[in-house]
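*Asks:* output the structure for:
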Amino acid sequence: MLDEVAKDMDVAELMAVIGASAKAASAPLAIATSEQKNAALTAMADAIDAGTDAILKANAIDMEIAAGTDMAASFLDRLRLDGARVAAMAEGIRAIASLKDPVGDVIASWTRPNGLEIERVRTPLGVIGVIYESRPNVTADAGALCLKAGNAVVLRGGSDSHNSSRAIHKCLVEGLKSAGLPEHAIQLVPVTDRMAVGEMLKGLGGAIDVIVPRGGRSLVERVQSEARVPVFAHLEGLCHIYVDKSADLDMAKAIAVNAKMRRTGICGAAETLLVDKNAAATHLVPLLDALSAAGCEIRASSDVKEAFPKAIPASEEDWSTEYLDSIISVALVNGIDGAIEHIGRYSSNHTEAVIAEDAAVVERFMNEIDSAILLHNASTQFADGGEFGMGAEIGIATGKMHARGPVGVEQLTSFKYRVRGSGQVRP
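*Replies:* Coordinates of the predicted model:
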């Protein structure tokens, strides 16, 4: 096992071995049958269920260590596992197993005038590197998603979740072995040295085809700056809710509270609430009362503070801050025009929601805002691959190349062309 050989290697040597092993595993994995992959996934889920006690004991060690640090409450929440969260991991893997296998799917086909028959067909990307912090569940999600899409994966979890990730990874390896697939198809970097991240960003000697970072701004900025391979990522989730004058007030209150307070530390949590000035008299104070009652701190523009005196004055920095906490910035805007202008100026292009009954307002919001995910009359916390019916996600991408929004099994594939002829030659 890598844990044993790692003791006798420096980080660069260890990562080179991991890269070569992943590359070797990717070839048989790319042609593995759906039945093999699904058998492995089902066995992984069963192993996680059976290993719940061991996973929770490992997580307790991580939580005890984290308690002695200045880790923010939102990060502690991401790190913490309980029986329900472990069960959800197993069910997430089973959901991935139930998805249609994307590999070999014919995306498009056509016949040329010369008789050539052309197909565009999904293929695995190859080897995916996933670098993440504080989220032990990513070990299961990323490993399962990459396997379903026929990819090998190298997982580098944060040092704060190292014990939890190792316990989960052990279950994934059991599943691979039981289905006769290469155990190196899913590898967890066994050391916490940050040099391992640097080696992955270099591409492990050409082994890694794409990197997916899951973590805070500093991690993502480093990956985007230093990676020598393509990156699927979002820098931050600066998500907005716009409440139009046509919005149903009860619906708007329920959505605003859920979008901000359900889980404040996830990238789909709302960070800014924009309210139509024409709805200020009817909607503003009830919305802020509901958020305040739920324990949310309000940081407000001057006109909002005038209507809601207990709010804290917002600074210019607040409009571009991802709080990941029970804090929301609030402003009044000049209808849909003002909402589009504000979001265009400050958004990270992750997720935005409009609460409105006016179809014209909704149409403009959906057409004119360029974010990866746009919602109408629904919470921004639905910005999640599992909620999209994708089984799970390996992350959210806000770039415009290849993958955008939740990165699920289809986004973890590329494509190739199959061209069939009957003796044609080009004149």
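*Asks:* where does this structure dip in pLDDT?
*Replies:* When residues are selected by pLDDT under 70, those of the chain lie in 1-8, 235.
*Asks:* outline the domain layout of it.
*Replies:* Domain ranges of the chain: 2-232+407-419, 239-382, per automatic domain parsing.
*Asks:* what is the end-to-end distance of the shortest one?
*Replies:* Length of domain 239-382, first residue to last, CA to CA, to the nearest Å: 12 Å.
*Asks:* give the contact list for the nearest residue in space to residue 179 that is not next to it in sequence.
*Replies:* Nearest residue to residue 179, sequence neighbours excluded (CB to CB, 6 or more residues apart in numbering): residue 40, at 3.6 Å. Just so you know, the C-beta spots here come from the backbone N, C-alpha and C atoms, and that holds for glycine as well. Taking CB atoms under 8 Å, 6 or more residues apart in numbering as the criterion, residue 40 is in contact with 147, 175-176, 178-179, 181.
*Asks:* let me know the closest of those to residue 377.
*Replies:* Nearest to residue 377 among the contacts of residue 40: residue 147, at 35.9 Å, using CB to CB.
*Asks:* for residue 282, see how far away the residue nearest to residue 179 is.
*Replies:* 55 Å (CB to CB, to the nearest Å).
*Asks:* same check on residue 28?
*Replies:* On the measure of CB to CB, residue 28 and residue 282 end up 63 Å apart.
*Asks:* list the buried residues for the helix or strand hosting the residue nearest to residue 179?
*Replies:* Remark: residue 40 resides in helix 34-50, with elements defined by DSSP states H and E. Buried positions in helix 34-50, judged by neighbour count with 16 or more other CB atoms under 10 Å: 34, 36-49.
*Asks:* what's in contact with stretch 372-381?
*Replies:* Contacts of stretch 372-381 (CB under 8 Å, 6+ apart): 234, 239, 241, 251, 255, 258-259, 262-263, 266, 268-270, 349-356, 362, 365-366, 382-383, 396-398, 404-406.
*Asks:* scratch that, stretch 95-111
*Replies:* Contacts for stretch 95-111 (CB under 8 Å, 6+ apart): 30, 34, 37-38, 41-42, 45, 117-124, 144-145, 148-150, 386, 390-392, 409-410, 412-413, 415.
*Asks:* same deal with stretch 357-369?
*Replies:* Contact with stretch 357-369 is made by 242, 244-248, 335-336, 339-340, 343-344, 347, 352, 354, 356, 374, 376, as judged by CB under 8 Å, 6+ apart.
*Asks:* now, which of those residues lie within strands?
*Replies:* 242, 352, 354, 374, 376 (DSSP state E).
*Asks:* what are the phi and psi values for the nearest residue to the third one once chain neighbours are set aside?
*Replies:* Of all residues not flanking residue 354 in the chain, residue 365 sits nearest, at 4.2 Å (CB to CB, 6+ apart). Here is the backbone geometry of residue 365 (degrees, to the nearest 10): phi -60, psi -50.
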